[in-house]
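Engineer: Model the following, please.
(2 chains)
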Amino acid sequence: MAKQYETVIGLEVHVELATKTKIFCGCSTAFGAEPNAHTCPVCTGMPGSLPVLNKQVVEYAMAVGIAANCEITRVCKFDRKNYFYPDNPQNYQISQLYLPICRNGYVEIETADGKKRVGIHEIHMEEDAGKLIHDEWEDCTLVDYNRSGVPLIEIVSEPDMRSAEEVIAYLEKLRLIIQYLGASDCKLQEGSMRADVNLSVREVGAEKFGTRTEMKNLNSFRAIARAIEGEKERQIELLESGQAVVQETRRWDDAKEESYAMRSKEDAQDYRYFPDPDLVPVHISEEWIERVKKAQPEFRDEKMARYKQEFDLPDYDIDILTGTKHMADLFEQTVALCGQPKKVSNWLMVETMRLLKEQEMEPEDIRFSPENLAKLIGLVESRAINGTVAKEVFEKIFDEDIDPEQYVEENGLKTVNDEGALRKTVEDIIASNPQSVEDYRNGKEKAIGFLVGQTMKAMKGKADPGMVNKLLKELL
Amino acid sequence: MRREKRTACLPYRVPLTKACRGYWLPTHGNGDQWTDMEEKTVDILKYTAVELAEKIKAKEVTVKEAVEAVFARIEAKEESLHCYVTLDKEGAFQRAEEVQKKIDAGELTGRLAGVPVAIKDNMCTEGMLTTCSSKILGNFLPTFSAEAVRNLEKAGAVILGKTNMDEFAMGSTTETSAYGVTRNPWNTEHVPGGSSGGSAAAVAGEECYFALGSDTGGSIRQPAGYCGVVGMKPTYGTVSRYGLIAYGSSLDQIGPLCKDVTDCAAILEAISTHDPKDSTSISREDTDFTKALVEDVRGMRIGIPRDYFGEGLDSEVREAVLAAAETLKEKGAVVEEFDLSLVEYAIPTYYTIAAAEASSNLERFDGIKYGYRTESFEGLHNMYKKTRSEGFGPEVKRRIMLGSFVLSSGYYDAYYLKALKVKALIKKAFDDAFAKYNVILGPVAPTTAPRLGESLSDPMKMYLGDIYTISINLAGLPGICLPCGKDSRGLPIGLQLIGDCFQEKKLIQTAYTYECARGKFGVPDAENRGKAVQKTEESEGR
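Structural biologist: Prediction:
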């Protein structure tokens, strides 16, 4: 009988924090500027420059730690990780090794077998590196230090996960916690969230862990899932054929669906970590922790329970609405304005999701205001516009966040509720469609649909379909 | 006729000959000024920084005259002393003009307004070469000035140039400089000490009125001692390190090298500011150091550590230092001997910590962003290797290797961590001492300035020479060095006073009182200078 294997997975997740300025200087963290536009002597490692810690970084790291049930280190320090590479202007990265800010936490994930805790070994603060750009034309490498010094937290899990599903659930959980805190937008594709996967396999029942490998360059949930499957198979194959797994760092190539070795343990660098003498220890008081605790938002689980109870929405709706903080905020703010939870939910669930998908956008990219969605719902409620017009107006709101009342007014989209005018049109339609009239009278109920459509078309969509229906039945 | 002669007498001034007239811009009107000028024939180089500022304020001397005097002196002495790596004559005159305007307008009234200053070459000066006396930074033009330099500029000091030093401040003789050795103005066969040797020699040789140095393990105090000037290392965190190119970040402090204790207090007052750009900068409210210039040590408790007078201490140095203690006793101080423990651990502890920090601090010099890059290379790692091999000198390489070793995995606990623990114990030993004494008194170095080349041949011996200075850095304490005599060869002997953290005022008060009792220490070639002047006069007369 073939041996049964178990996969053991731990994650190192880097998250770029949403601070306005860098971790050790006042340069902007904004994305997409001209190369080296957001740099100064500190983040380019000029001789004589010194780092000064950004307090907001500590606060975000603490907030994430508290949300992930961690212990907060009252006196934490920064250490230098020494290695030579041109994207790292000082040739050392300021990070935390000996006294990271958070330790011993956990998050709870949903698995096929119910709830499960994934341990958080530690969370530490560090600085990001710059970016090397190879100029093929000139055959030289250029360096852009705009990202150098952008604050990161690294969340190191315990080896508690056993499958790709659990890994994805854990990442989703982290992403939601951090997004809800506003500490980061956590976009894998844009690199504001990055995960390195440590994976080993062992025979079911074995006590000792197998030799692990670390996989890098995973920039989507799909890539992570595929890389885990691929690496699991690779390691099992090695063991089955009597070979040993080598401890190494591997790079995942998602296009080829395979990984290749980057460096083995033997090549591992000695980073010569030591406390950074340019920075003083960070003393975190009880009061500060309390303040950050008090400022914690309502997280997803609590929100889901409340939506069920307060708005009586279906689980499916709740799942989507709370899927991102932005969506949940939009939902709650709109409900606060118009008091129609189910209607608001429908607009978000159906039309908004459709447009997001069509335009390949993420829920975080929604730019329209709750005021305008509330106004639109009000217009539909008061029958000022009909459903078709409402959808058309919503697209304008989605794209340009226009004021629907003004837009409807200016474009003459109001439903014609003048029975006289409508009756005249209906009469015309009846007169010019004798076949359909005949069909209806002969008991073909469906024929009336065609006549309604024709009337709506003649009214350029500005009629109330209910009223048209009523008038048609009356006149026929 | 008299006019020509007089002018020619001024050693610090370009003679008012026809050829020079275009260059020499008169600032005192016409011929009626000669009564003034007669008074000015006194050598204005003899003024201390504070005295010069007073003369400038009183309009007896102009800033430009002071700068000219210094440059004339530099031109005369630099060839033999080599105090400077970079001189900015043009910039200095430009700055002198600006400062003079501000002084005339009453905008600059400080104790250093208009005083020419030299800056150690490991402090960034915007647009002025800053090399750390290393080949690897040979072409480095900083984009900003160090905070201490900016503070001096705000006070109206006029920067002359950058002084020579041991490469990256690693050394005790200024011989590890990539740009040649600096010589001791008292005897050019001897070293000026280091690493701030260029600064100390420039002050002693009157090539500036005062200078800034940096002190990681004695680099201000020891050269001050060898050159017979006053040097002070303040409490760690008192002067901003922003813009100081780091050697051992947890030990480095900037401080003054100057002619007397009054200057020292005035300079320290000007450069001690809280700087939010330096996380280790301390906000202090007691930086009015000139208030401590009080001639009174009655009741001052002075401890003399027996451990500082043991084996290896030159007998002439011992006698001079103990005589200074006696002087203070006569002035009313309570002087006692005591045992300061752990003295022998200071050197290994210091060289572990300083080298570890240096190995990391110097990683940024890689040929990528600034400074020297090797001519030809194959690939990135070869470029790193060649650039750093060619760019750094042997002493720097030695300390990078030592530092990398003590931080490497498997050795970190045994060396670096242990050194940090010993550092804490050394601080504790000083805490115990300062529970009993206000000031600790001792020599600054075991001997007077060694001959050139003597120390470099044996690095261990050079390291051991730091025994009296480095524990002060490890404990973050302030220390001052001032001359207390000369040995039989005529070389100055340095007296070191050590205070508890933030007790600079006690040091200044004690040092000032001693200085008053001692009297003027004098300058290296005061007698020679007189002759030189006469000679000029004779030749001109002929």
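
Engineer: Can you pull the residues of chain A lying near chain B?
Structural biologist: A:41, A:44-53, A:80, A:82, A:84, A:86, A:89-92, A:143, A:270, A:272-274, A:277-280 (Cβ under 8 Å from any Cβ of the partner chain). The C-beta positions use only the backbone N, C-alpha and C, and glycine is treated the same way.

Engineer: Can you mark which positions in stretch A:178-194 are buried?
Structural biologist: A:178-181, A:183-186, A:188, A:192-194 (16 or more other Cβ atoms under 10 Å in any protein chain shown).

Engineer: now do stretch A:321-337
Structural biologist: Using 16+ other Cβ under 10 Å as the test for burial, stretch A:321-337 gives A:321-322, A:324-328, A:330-332, A:334-335, A:337.

Engineer: can you list the domains in the chain?
Structural biologist: Since no chain was named, I'll use chain A. Following automatic domain parsing, chain A resolves into domains at A:5-288, A:298-410, A:419-475.

Engineer: wrong one, chain B
Structural biologist: B:46-347+B:421-541, B:348-420.

Engineer: Now the shortest one: average pLDDT?
Structural biologist: Averaged across domain B:348-420, pLDDT comes to 96.

Engineer: Please say whether there is contact between it and chain A.
Structural biologist: Yes. Counting by Cβ under 8 Å from any Cβ, chain A has neighbours in domain B:348-420: B:356-357, B:359-360, B:363-366, B:368-370, B:380-381, B:384, B:404, B:407-409, B:412, B:416.

Engineer: Write a ChimeraX command that selects only the buried members of the residues you listed.
Structural biologist: Buried residues among those (16+ other Cβ under 10 Å), as a ChimeraX selection:
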select /B:356,357,359,360,363,364,365,366,368,369,370,384,404,407,408,412,416
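
Engineer: give me the number of residues near residue 288?
Structural biologist: If you meant another chain, say so; for now it's chain A. 16 (other Cβ atoms under 10 Å in any protein chain shown).

Engineer: The chain in question should be chain B.
Structural biologist: Number of residues near B:Asp288 (other Cβ under 10 Å) recorded here: 11.

Engineer: And the helices in the stretch 251-400 of chain B?
Structural biologist: B:261-271, B:315-330, B:346-361, B:379-391, B:394-407 (DSSP state H, counting those that start in this stretch).

Engineer: Of those helices, flag the one that's most buried.
Structural biologist: helix B:261-271 (a mean of 27; mean count of other Cβ atoms under 10 Å in any protein chain shown).

Engineer: So what's the gap between that one and the chain middle?
Structural biologist: On the basis of Cα atoms, centre = their mean, to the nearest Å, helix B:261-271 is displaced by 13 Å from the centre of the chain it belongs to.

Engineer: contacting residues around stretch A:363-379?
Structural biologist: The contact list for stretch A:363-379 (Cβ atoms under 8 Å, 6 or more residues apart in numbering or on different chains) reads A:179, A:185, A:187, A:323-324, A:326-327, A:330, A:333-334, A:336-338, A:340, A:343-344, A:347, A:352, A:356, A:385, A:390, A:393-394, A:397-398, A:401-405, A:408.

Engineer: I'd like the average pLDDT over that stretch.
Structural biologist: Here stretch A:363-379 scores 91 as its mean pLDDT.

Engineer: gap between whichever residue of the stretch 251-400 of chain B sits closest to chain A and A:Ser220?
Structural biologist: For the stretch 251-400 of chain B, the residue closest to chain A is B:Glu363, as judged by Cβ to the nearest Cβ, at 3.6 Å. Relative to A:Ser220, B:Glu363 is positioned 35 Å away (Cβ to Cβ, to the nearest Å).

Engineer: on that earlier part again, only whichever of the residues of chain A next to chain B are buried, select them in ChimeraX.
Structural biologist: Buried residues among the residues of chain A next to chain B (16+ other Cβ under 10 Å), as a ChimeraX selection:
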select /A:41,44,45,46,47,48,49,50,51,52,53,80,82,84,86,89,90,91,92,143,272,273,274,277,278,279
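
Engineer: rewinding a little: tell me who's in contact with the residue of the stretch 251-400 of chain B closest to chain A.
Structural biologist: Taking Cβ under 8 Å, 6+ apart as the test, what B:Glu363 contacts is A:82, A:84, A:90-92.

Engineer: what about residue 201, how many neighbours?
Structural biologist: Chain wasn't specified; assuming chain A. Other residues near A:Val201 number 23, with proximity taken as other Cβ under 10 Å.

Engineer: hmm, I had chain B in mind actually
Structural biologist: 36.

Engineer: ok, now how distant is it from chain A?
Structural biologist: If you measure B:Ala201 against chain A using Cβ to the nearest Cβ, to the nearest Å, the figure is 24 Å.

Engineer: That residue is in contact with B:Pro192, isn't it?
Structural biologist: Yes. Taking Cβ atoms under 8 Å as the definition, B:Ala201 is a contact partner of B:Pro192 at 4.0 Å.

Engineer: ok, back up a step: could the buried residues of stretch A:178-194 be laid out in a markdown table, adding secondary structure and pLDDT?
Structural biologist: Below are those laid out as a markdown table (DSSP: H, G, I helix; E, B strand; the rest coil; pLDDT from 0 to 100):
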| residue | secondary structure | pLDDT |
| --- | --- | --- |
| A:Ile178 | helix | 96 |
| A:Gln179 | helix | 93 |
| A:Tyr180 | helix | 94 |
| A:Leu181 | helix | 96 |
| A:Ala183 | coil | 96 |
| A:Ser184 | coil | 95 |
| A:Asp185 | coil | 89 |
| A:Cys186 | coil | 90 |
| A:Leu188 | coil | 86 |
| A:Ser192 | coil | 91 |
| A:Met193 | strand | 93 |
| A:Arg194 | strand | 93 |
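
Engineer: Looking at these, point me to the pair that's furthest apart.
Structural biologist: The span of those, defined through Cβ to Cβ, is set by A:Tyr180 and A:Arg194 at 19.7 Å.
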